[in-house]
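S.K.: How does the following fold in three dimensions:
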Amino acid sequence: MYGQVLDESPLDDQWMYIERQCSWYSDLYALRDAFDRLNHLDQKILWAYADILSACASYIGLQEYVKQTELSEAQLLASYIEENYAKELTLGIISTELGIGKTKLCETARKNFDCSIQQLTRQRRVEAAKALMTTGNMSIREIAEAVGISDSNYFVKVFKGATGYTPLRYKRMIQKSAGSAQLMPPELT
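M.R.: Below is the predicted model of the structure:
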């Protein structure tokens, strides 16, 4: 399919075109000899070759498109945690759901997020808890359950470790700052 070929049009016309285009070439006799040895293909075969090449090019383009739209393992992990942080999440559950080995998941979290999967999950849960504290009137226990932590004592420990404040103190500070003209401390923004 590759290389030069001649079509069904008169050979003399094709040669005159080549001769005009290659007038700069020093050995037109050798060029004519090479021209005479080219294959002559009818139009149907040329169109068939063109269709095959077009199909190949489309396939390659589609393959590249698919590669570009596939999420990386880090993106899959972050997306999964984002969508499922309120559920029970263990390394085994995440590994099974994503179809990625546990070791590979741990490496991905460390390499891309500089933390463990458990830390990544806790960070997302704390962020969700903060949002719930600013938008609703839920109790700390209800917030803990809403973000996937059923033990409210553990939730207090996790929240304080991440923010430096107990959830109740954080919630009161938010309510106080919302009710007054005071600025929120930088660590609360």
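S.K.: count of neighbours near residue 138?
M.R.: When neighbours are counted by other Cβ atoms under 10 Å, residue 138 registers 15. The C-beta positions use only the backbone N, C-alpha and C, and glycine is treated the same way.
S.K.: quick one, phi/psi of it?
M.R.: phi -80, psi 150 (degrees, to the nearest 10).
S.K.: Residue 22: what's it in contact with?
M.R.: 28, 31 (Cβ atoms under 8 Å, 6 or more residues apart in numbering).
S.K.: Now do the SS call for the closest residue to residue 148 other than its chain neighbours.
M.R.: Leaving aside its chain neighbours, residue 148 sits nearest to residue 86 (4.4 Å; criterion: Cβ to Cβ, 6 or more residues apart in numbering). What DSSP: H, G, I helix; E, B strand; the rest coil gives for residue 86 is coil.
S.K.: For residue 86, the count of nearby residues, please.
M.R.: Using other Cβ under 10 Å, residue 86 has 14 neighbouring residues.
S.K.: do residue 144 as well
M.R.: 24.
S.K.: Residues in contact with the strand or helix carrying it: which ones?
M.R.: Using DSSP states H and E, residue 144 sits within helix 140-146. Applying Cβ under 8 Å, 6+ apart, the contact partners of helix 140-146 are 86, 128-129, 132-133, 138, 150-152, 155-156, 167-168, 171.
S.K.: What residues sit buried inside it?
M.R.: 140, 143-145 (16 or more other Cβ atoms under 10 Å).
S.K.: from the chain's centre, how far out does the least confident helix or strand in the chain by mean pLDDT sit?
M.R.: Ranked by mean pLDDT, DSSP states H and E, the weakest helix or strand in the chain is helix 43-69, scoring a mean of 80. Its chain's C-alpha centre and that of helix 43-69 lie 25 Å apart, by Cα atoms, centre = their mean, to the nearest Å.
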